[in-house]
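>>> A structural model of the following input is requested.
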Amino acid sequence: MSDEDQLIDDIHDALTERRDWNRISIEAWEYQPSYGGKRTNFLDDYTPYPLDLFVSGGEIAISTPGVAGGCEQHVRTRHVFPGTQRGLRAVIAALGEHETAARGLDIRGFGECVLYGDCVRDL
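Below you'll find the model as predicted:
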């Protein structure tokens, strides 16, 4: 087993212990309770993405919930960690804060931000 394969297995085990994480591919997971568990129909460039985590190119990345074209408050950001056991420990330590924030988000505000401008609060 390669180091990256072992890391992927270790991440899967860690996320399975936390529950509420859904494996969406061999090397990617998403946090189901993002936006309080609410879902919308998927439309490219409009639908807010949930909190997710993936492994690629020797790195582990957490992407916050959000939209690609949103304002500073609603834009999706990526936090990258080294693809090592030490990096995995840092990811696990960071997940609690990200999960808590993701659960409390209002999905409607993200869609409105993309549809109506820089941020609906400014209307």
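>>> in the helix or strand of the chain with the lowest mean pLDDT, what's buried?
The helix or strand of the chain with the poorest confidence is helix 107-116; it has a mean of 84 (mean pLDDT, DSSP states H and E). For helix 107-116, burial by neighbour count (16 or more other CB atoms under 10 Å) applies to 107, 109, 110, 111, 112, 113, 114. All C-beta atoms are positioned from the backbone trio N, CA, C, and that covers glycine.
>>> from the contact counts, what lies against the longest helix along the chain?
Longest helix in the chain, counting residues (DSSP state H): helix 85-103. Identification of packing neighbours for helix 85-103 by 3 or more CB pairs under 8 Å, 6 or more residues apart in numbering; DSSP states H and E yields helix 3-18, strand 28-31, strand 59-63, strand 78-82.
>>> average pLDDT across it?
Averaged over helix 85-103, pLDDT sits at 94.
>>> buried residues in that helix?
In helix 85-103, counting by 16+ other CB under 10 Å, buried: 87, 88, 90, 91, 92, 95, 98, 99, 102, 103.
>>> hmm, residue 115 is touching residue 48, no?
No: Residue 115 is beyond contact range of residue 48, at 11.5 Å (criterion: CB atoms under 8 Å).
>>> before we move on, back to that, make CSV from the helices and strands packed on helix 85-103 and add mean pLDDT, mean neighbour count and distance to residue 69 to it.
Compiled in CSV, the helices and strands packed on helix 85-103 are given as follows (pLDDT from 0 to 100; neighbours: other CB atoms under 10 Å; distance: least, CB to CB, whole Å):
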stretch, mean pLDDT, mean neighbour count, distance to residue 69
helix 3-18, 88, 14, 28
strand 28-31, 95, 21, 20
strand 59-63, 96, 18, 15
strand 78-82, 96, 14, 15
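>>> and of those, who's closest to residue 38?
When the helices and strands packed on helix 85-103 are compared by CB to CB, strand 28-31 sits nearest residue 38, at 12.9 Å.
>>> need the next SSE after that closest one, C-terminal direction.
For strand 28-31, the following helix or strand on the C-terminal side (DSSP states H and E) is strand 52-56.
>>> give the rounded mean pLDDT of that following strand.
Throughout strand 52-56, pLDDT has a mean value of 94.
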